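Asks: Quick one, structure for this:
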Amino acid sequence: MASEIDLNAAINDFLSRSKTDSGRLNALAATVIDIFASQGLPNLIGGSAGEAGIRGIVRNKDWDLAFLFAGKPRLLISLKSILKNVSGTVPNRLDDLMGEVANVQQFSPEVVTGYVIVLDENANRQRRDGIDWFSYVEQSLKKLAIRKAPLWNQGLIEGFWTIRIDSRLPLGQRLVNPEKAMADGAVFASALISELRRREPAIFEERSST
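Replies: Prediction:
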């Protein structure tokens, strides 16, 4: 089972890599995989094994993590980060999120989607309305994370996990609130697995019979 130590190590690995490194989030992907496995959903693919190419209505899209069953994607997770230029990056990240989930949901309406994003407090700034940009990110994701039957609108998601870090802090201490980060990760996995169980009970029936 993934621990606070594992998450800290994943963040250290992430920050130590070049911004152009395609495997920059692999350690975080492995941590997410462990969290889902500990809650009863092993066999997520992605991370160091490579992204999963998933068919969408407009184009195929590489997702960071995926759970496939009977040859179809049943659960997809996107991993992202915001480390600088917060006022320009945040709107783009939110627009991109809604676009990528709508693309796959139009083709596979039943798919469960999740979003994990690392937010570096070193880049955080106040907005003109008085709240900081990362609080705005979390408020926006809460508005999107409401996709449950019968509200299956395209562009919404089933859950998200924001991981706040501070790259200015010493190695091994860069999680802003380690206990909250781990608790939020567990809630995130539980929410997605719960929705997957409602939509695809055969996955869990087959697993319990083996």
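Asks: With just CA atoms, put stretch 146-154 into CSV.
Replies: C-alpha atoms of stretch 146-154 as CSV (Å, rounded to 0.1, in the frame of the first residue of the first chain):
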residue,chain,number,x,y,z
ILE,A,146,-20.2,15.6,-10.2
ARG,A,147,-20.6,13.1,-13.0
LYS,A,148,-22.9,10.5,-11.6
ALA,A,149,-26.1,9.0,-13.0
PRO,A,150,-28.3,10.5,-14.2
LEU,A,151,-26.0,13.5,-14.7
TRP,A,152,-23.7,12.0,-17.3
ASN,A,153,-22.9,15.3,-19.1
GLN,A,154,-19.8,15.3,-21.2
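Asks: Just the helices from the chain, written as ranges.
Replies: With DSSP state H, the ranges of helices along the chain come out as 4-16, 26-38, 86-107, 133-144, 178-199, 201-208.
Asks: most tightly surrounded among those helices?
Replies: Most buried of the helices of the chain, by mean neighbour count (mean count of other CB atoms under 10 Å): helix 26-38, with a mean of 21. Any C-beta I mention is one placed from the backbone N, CA and C, and that applies to glycine too.
Asks: That helix - contacts with which helices or strands?
Replies: Contacts defined by 3 or more CB pairs under 8 Å, 6 or more residues apart in numbering; DSSP states H and E place helix 26-38 against helix 4-16, strand 65-69, strand 72-82, strand 112-120, helix 178-199.
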